[in-house]
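Student: Here's my sequence, what's the structure:
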Amino acid sequence: MTLDPDRRAFLHRLLETPSPSGFETRGQRQWVDYVGDFADEVRTDDYGNAVAVHRGDAAVDTSFAVAGHADEIGFIVRRIDDDGYVRIGAIGGADRTVSKGQHVTIHGDDPVSGVVGQTAIHLRETGEERYDDIGEQFVDVGATDGDEARALVSVGDPVTFSTTVEDLHGTRVAARGLDNRIGVWAAAEALRRAAAADVDATVYAVSTIQEEVGLQGARMIGVDLSPDAVVAVDVTHATDSPGVPEKRRSPVELGGGPVVSRGSANHPVLVDLARTAADDADVDVQFQATGSRTGTDADAFYTAGGGTPALSLGLPNRYMHTPVEVIDETDLRDLGAVLGAMAERAGDVEDFAVDV
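Tutor: Now for the predicted structure:
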């Protein structure tokens, strides 16, 4: 274990609290309760975006935000058959190739256990198989008919995989929803470090909602917050495992350190600040090219308010959007250190604008 026990316990609470897009309230409550111990102010908006603030030196007119998204992919109940089977749709980028044969939980008034049905191999026509779309798949909750099922679940109830946290060998951790509980964990850690160091800049930690369905929370809060600069923290693909096509490979690997993106939304001043902060924290970082888009909240933040300097800072992650995502805890520890060092240096930046 490389994280402080309190920090790791917080990560576990986040990972064990279901938070599919549009249904983030319980996860946000965990985050708000935690950051309230060291924030000067915590607030939420009508949709559940959460912001915690460290108020720096009043003489320093710099605001610096670190944001992660609270939501995870999942499913939603579309209808209930008369035979008692629950038909589902996708929330975000749910992967149809990994859902069958999995334990799931339907989150209604009370949690309901179920399984995504998969016809036994003995009964299938092998050699002619295809992956059913999510809309063709179903959840078996054990009901004998539609009335029994409808007494348990309702149309619109969210559904998540039932997997939780497993420690693998060494410092590797597997879990559902590391995308992007690590981001909201890191935003809280940046604020905790900023408060402990009493940094000069005003520092915002932000936990956004509905990133997986179109960066919606960042679009909502980017204009209202209007920081001088923002770092969006998210997972990024570690391509060091078998099965990744050569054309999709990048230099990013597990255990190699946090990942600084370059190109598109990523502001050169923030790229330089991240590099300098990593040196300050004695942390190795990796780099990735994002020529068109980052695929993170940075894409929404950087156009907010007429243009906000933004950076996508990533954590290497294997098997994204599956129930068994894998990270290296040392990368997460180092990510927190880099963000803390960036917060310390933010007040010294005279201007985040590029020199034209």
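Student: what's the spacing between the closest residue to Leu168 other than its chain neighbours and Phe352?
Tutor: Computed as Cβ to Cβ, 6 or more residues apart in numbering, the closest residue to Leu168 that is not its neighbour in sequence is Ala174, at 5.6 Å. (Each C-beta comes from the backbone N, C-alpha and C, glycine too.) Distance of Ala174 to Phe352, given as Cβ to Cβ, to the nearest Å: 37 Å.
Student: Give me the residues contacting stretch 337-346.
Tutor: The contact list for stretch 337-346, computed with Cβ atoms under 8 Å, 6 or more residues apart in numbering, reads 62, 64, 66, 186-187, 189-191, 193-194, 197, 199, 201, 203, 228-229, 231, 233, 258, 273-274, 276-278, 280-281, 283, 285, 313.
Student: Buried ones among these?
Tutor: 62, 64, 66, 186-187, 189-191, 193-194, 199, 201, 203, 228-229, 231, 233, 258, 273-274, 277-278, 281, 283, 285, 313 (16 or more other Cβ atoms under 10 Å).
Student: List the ones among those that fall in strands.
Tutor: By the criterion of DSSP state E, membership of the buried ones among the contacts of stretch 337-346 in strands covers Phe64, Val66, Val203, Ala229, Val231, Val233, Leu313.
Student: Let's see the pLDDT reported for the third one.
Tutor: At Val203 the predicted local distance difference test score is 98.
Student: if I look at Val66, how far off is Ile182?
Tutor: Val66 is 12 Å from Ile182, by Cβ to Cβ.
Student: longest single helix anywhere in this structure?
Tutor: As assigned by DSSP state H, the longest helix anywhere in the chain is helix 178-197.
Student: Phe75 contacts Ile88, correct?
Tutor: Yes. With contact defined as Cβ atoms under 8 Å, Phe75 reaches Ile88; the gap is 4.3 Å.
Student: List the residues that are in contact with both of the two.
Tutor: Residues touching both Phe75 and Ile88 by Cβ under 8 Å, 6+ apart: Ile134, Val159.
Student: Pull the contacting residues for Thr330.
Tutor: Contacts of Thr330 (Cβ under 8 Å, 6+ apart): Thr2, Thr171, Gly255.
Student: List only buried entries from the residues you listed.
Tutor: Buried among the contacts of Thr330 (16+ other Cβ under 10 Å): Thr171, Gly255.
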